[in-house]
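>>> 3D model of this:
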Amino acid sequence: MSELAERIRTARTQVQVLQRERARAQASVTSLETELRDRQRAADVLQARIAELERENEVLRSVKAAPPVAVDRSGTKERIDELVNEIDRCLALLNA
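Numbering: from 1, shown residues only. Here you go, the predicted structure:
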């Protein structure tokens, strides 16, 4: 009978060891699942950002450069000449 009791004690010890290992494995699985969800969430955010940047890039590519604005230079020279003449008159008044 003592042999049977010894075998039962050994079996109980093994069961306890296996229960502890199972608890550690379950904690590890839970931790890994949490990490997986976090990484999946981060990947989803990054994918959304990539899509947003691709749309923005496409818009920028489709926008053509604005046509150059025609500058009316014909009146510019005359205006400069008028200003120079006015400055000359002011200097003449100061020197008089």
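>>> and the longest helix belonging to the chain, what's its mean pLDDT?
Criterion DSSP state H: the longest helix present in the chain is helix 2-62. Averaged across helix 2-62, the pLDDT comes to 94.
>>> any idea of the mean pLDDT for whichever helix or strand comes after that helix?
Going down the chain from helix 2-62, the next helix or strand is helix 74-95, by DSSP states H and E. The average pLDDT within helix 74-95 is 84.
>>> quick one: helix 74-95 to chain centroid distance?
Distance, stretch centre to chain centre, for helix 74-95: 56 Å (CA atoms, centre = their mean, to the nearest Å).
>>> please apply the same query to stretch 44-55.
Here the centre of stretch 44-55 is set off from its chain's centre by 9 Å, with CA atoms, centre = their mean.
>>> what residues of that stretch count as buried?
Going by neighbour count (16 or more other CB atoms under 10 Å), nothing in stretch 44-55 comes out as buried. Every C-beta, even on glycine, is put in place using the N, C-alpha and C of the backbone.
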